[in-house]
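Chemist: Fold the following and give me the result.
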Amino acid sequence: SGQTGKDMKLLLVLTALVALATAEWKSYQNYQQVEVIPRTEEQIGTLRNWMSTEVDLDFWLEPGRLNAPVHILVAPRIRPVIYRRLNDLGLQIKVIDENVGATVEEERQRLANKPRAIDLDDFNTYDDIMDWIDEVAADCPSGLECTVSVPGTSYEGRDMKVLRIRNPNTINPPVYWMDSAIHAREWLAPATLLKIIDYMIYQYGSDSDVTSMLDSHEFWFLPVMNPDGYVYSWTSDRMWRKNRSPNQGSACVGTDLNRNYDWRWCMEGASTLPCSDAYCGSSGGSEDETKVVMAESARVAGNSNNRAWITFHAYGRMWMFPWGNTVNHAGFQCERAADHDEMQRVSTITSNAIRATYNTQWDDGTSCEVIYETTGATDDYVKGTDDWQHAICPELRGNGFVVPPSEIEPSFREIWSGIVAMTGEV
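Modeler: Next comes the predicted model:
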C-alpha cells in the first residue's frame, strides 16, 4: 500500500502540473494567419474537407464561395506541410499576420495597463461588462423601464445577464433581441453591442432615431452568451471559441454553442469530433448556455410580439439570415424559408444602410448562400422554433479576431445605421 500511496502522490503532483500547464497563457508564437482565394470547386472541396478533419487547422474565414478569401491560422510545426499542400492545390498563400503571437501579446500588454475598468472604446472583461450592465440600467432614462435579469448560468456558474429596455406605455411593441460573444474570441461583437446599449440609454430624448426606436420597440440584450469561453479567452487562450464544458471520453474541452441548438442539429456543417472548433455537442441543446437561450427565446416569444433577433459575430462583413442548411441536407442547394423574400427585402435595406456608412463591401443573404451550410445555429433555431421572423447573424468588420480598439466606434456606427434602417421596416 505504501507504493500505491506514492503512486497516488505522484499522480496528484502530475495532475497539478498538468493543471498548471493548461492554466498558462497560450502564446501563438510564430503562428501565421494566411489567406488563400479558392478559384475552383476542387480547391473549395479540399479546404472544406480539411476544415472537418484537420483539427490542427483553425479556419478564421471558412471556405465558402468561389473567389471569396479563406483565412487559416497555421501553427509553426505544421506550416511546411500545410504550405506545401496549399501550393500543390494551386493556391497562392498570402500571409496576413506573420506572427499572431506578437499581435496577441501586444493586445494583452495594452489591456493589462488599461487605466479605466470599463471603457467602451476598448475591450472589457466579463466582470466589468456585468457590472456595467447594472450601472446603465440604474441610469434608465425617465419614461423608460430598464430591467436586469439572470435567466440562467453557464457551465462554470457565471451569470448570463440580460438587460431589457422598454417604454411601458407602448402597447404590444415589436420586440428585438440582441446577443453577442457566443464565440469567445470574437471580442468586437460584445464591444459593438455595449456601444449600442450605451447609445440607446444615454441618447434617448436627444437623438430622434433613438427616441422613436425606443418609443415604438422593445429591446432585450445578452452581451455575453458564452461567459466561460469569454473569460478563458482573456485568461488562457485568446483564440478560444467554444464553451468550457468537458466532453466525455475526450481530453478536448468545449462545444461550439453555435452548432448546439436543437434545430436540425448536427445534420451538416458541424463536427462530431470533440476536438473540433465546430463540435456540435453530445445532443441538440445539450449545453447549459444553449438551454438558457432556448428557454428565453420561447418565454419572450410567448409573451410578446417577437419580431427580430440579432446574434452578433466577428468577422467578415456579412449580414446573414436563415436557413443555414441545404435542401434535405444533401449539400447541393441552399434551402430558403417560405418568407425568404420578406427577409431578403429587410436585409437589403439594412445592409445597404451599413454599406453606406463608410462605403464598405458587405455580403447579405442566407448564411448557407453567403458562406456555407451549417445547422444548429442560434438564428435558425429561434426562427424555426419560436418564429422570430427576422433572425440575423451578422459578421462584423475586421480582418482577424484581434482588432485595434479604434475599430469599435466605426463598427458601432455602421451597425447602428443598419438597426435604424431595420427598425423602420420591422
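Chemist: From here on, just use CA atoms for contacts and neighbour counts.
Modeler: OK.
Chemist: Verify the contact between Thr423 and Ser212 for me.
Modeler: No: applying Cα atoms under 8 Å, one finds Thr423 not in contact with Ser212, separated by 9.7 Å.
Chemist: Looking at these two, which is more packed in?
Modeler: Shown here are Thr423 and Ser212; by other Cα atoms under 10 Å, Thr423 has more neighbours (19 against 15).
Chemist: With adjacent residues omitted, what lies nearest to that one?
Modeler: Met213 (6.9 Å; Cα to Cα, 6 or more residues apart in numbering).
Chemist: Checking my notes, that neighbour in a helix, right?
Modeler: Yes: per DSSP: H, G, I helix; E, B strand; the rest coil, Met213 lies within a helix segment.
Chemist: From Ala421, how far out is it?
Modeler: According to Cα to Cα, to the nearest Å, Met213 and Ala421 sit 10 Å apart.
Chemist: all helices of the stretch 201-350 of the chain, in order?
Modeler: 208-216, 227-235, 288-302, 340-358 (DSSP state H, counting those that start in this stretch).
Chemist: low-confidence ranges in this structure?
Modeler: 1-23 (pLDDT under 70).
Chemist: for the helices of the stretch 201-350 of the chain, which one sits closest to Ser52?
Modeler: Nearest of the helices of the stretch 201-350 of the chain to Ser52, taken as Cα to Cα: helix 227-235 at 21.5 Å.
Chemist: Now do that closest one: which elements does it pack against?
Modeler: helix 126-138 (3 or more Cα pairs under 8 Å, 6 or more residues apart in numbering; DSSP states H and E).
Chemist: What angle do helix 227-235 and the helix it packs on make with each other?
Modeler: Using axes from the mean of the first three to the mean of the last three Cα atoms, to 10 degrees, the inter-axis angle of helix 126-138 relative to helix 227-235 is 120 degrees.
Chemist: what does helix 126-138 rub up against?
Modeler: 117-118, 146-148, 161, 163, 198, 201, 224, 227, 230-231 (Cα atoms under 8 Å, 6 or more residues apart in numbering).
Chemist: ok, 10 Å please
Modeler: For helix 126-138, the surrounding residues in contact (Cα atoms under 10 Å, 6 or more residues apart in numbering) are 117-120, 123-124, 145-149, 158-165, 190-191, 194, 197-198, 201-202, 221-224, 226-228, 230-232, 234.
Chemist: which of the residues in it are buried?
Modeler: Tyr126, Ile129, Met130, Trp132, Ile133, Asp134, Val136, Ala137 (16 or more other Cα atoms under 10 Å).
Chemist: if we take those residues, which one ends up nearest to Glu35?
Modeler: Nearest to Glu35, judged by Cα to Cα, of the buried residues of helix 126-138 is Tyr126 at 31.2 Å.
Chemist: can you give me the strands for the protein?
Modeler: Here the chain has its strands, by DSSP state E, at 32-36, 58-61, 70-74, 94-97, 145-149, 162-166, 174-180, 218-222, 305-314, 318-321, 363-366, 390-396.
Chemist: So which of the ones you listed is nearest Arg110?
Modeler: Closest approach to Arg110 among the strands of the chain is made by strand 94-97 (18.7 Å; Cα to Cα).
Chemist: now for the closest one, which elements pack on it?
Modeler: Applying 3 or more Cα pairs under 10 Å, 6 or more residues apart in numbering; DSSP states H and E, one finds that strand 94-97 contacts strand 32-36, strand 70-74.
Chemist: who does the last one pair up with?
Modeler: Using DSSP bridges, the neighbouring strands of strand 70-74 in the sheet come out as strand 32-36 (antiparallel), strand 58-61 (antiparallel).
Chemist: Mind putting those into JSON lines with distance to Glu105 and mean neighbour count?
Modeler: Formatted as JSON lines, those follow (distance: least, Cα to Cα, whole Å; neighbours: other Cα atoms under 10 Å):
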{"stretch": "strand 32-36", "distance to Glu105": "14", "mean neighbour count": "21"}
{"stretch": "strand 58-61", "distance to Glu105": "19", "mean neighbour count": "20"}
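Chemist: Out of those strands, which gets nearest to Ser282?
Modeler: The nearest among the strands paired with strand 70-74, by Cα to Cα, is strand 58-61 at 21.6 Å.
Chemist: and that closest one, C-alpha only, in CSV?
Modeler: Extracted in CSV, the C-alpha atoms of strand 58-61 (Å, rounded to 0.1, in the frame of the first residue of the first chain):
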residue,chain,number,x,y,z
ASP,A,58,-8.1,26.8,-37.4
PHE,A,59,-10.2,28.4,-40.2
TRP,A,60,-11.0,32.0,-39.3
LEU,A,61,-12.8,32.7,-42.6
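Chemist: what's the spacing between Ala337 and Leu86?
Modeler: 36 Å.
Chemist: oh sorry, the question was meant for Ala377
Modeler: Taken as Cα to Cα, the span from Ala377 to Leu86 is 30 Å.
Chemist: neighbour count winner among those two?
Modeler: Between Ala377 and Leu86, Ala377 has the larger neighbour count (other Cα under 10 Å), namely 26 against 17.
Chemist: residues in contact with that one?
Modeler: Taking Cα under 10 Å, 6+ apart as the test, what Ala377 contacts is 256-266, 270, 280, 311, 322-324, 393.
Chemist: coming back round to it: neighbours around the residue nearest to Thr423, how many?
Modeler: Count around Met213 with other Cα under 10 Å applied: 19.
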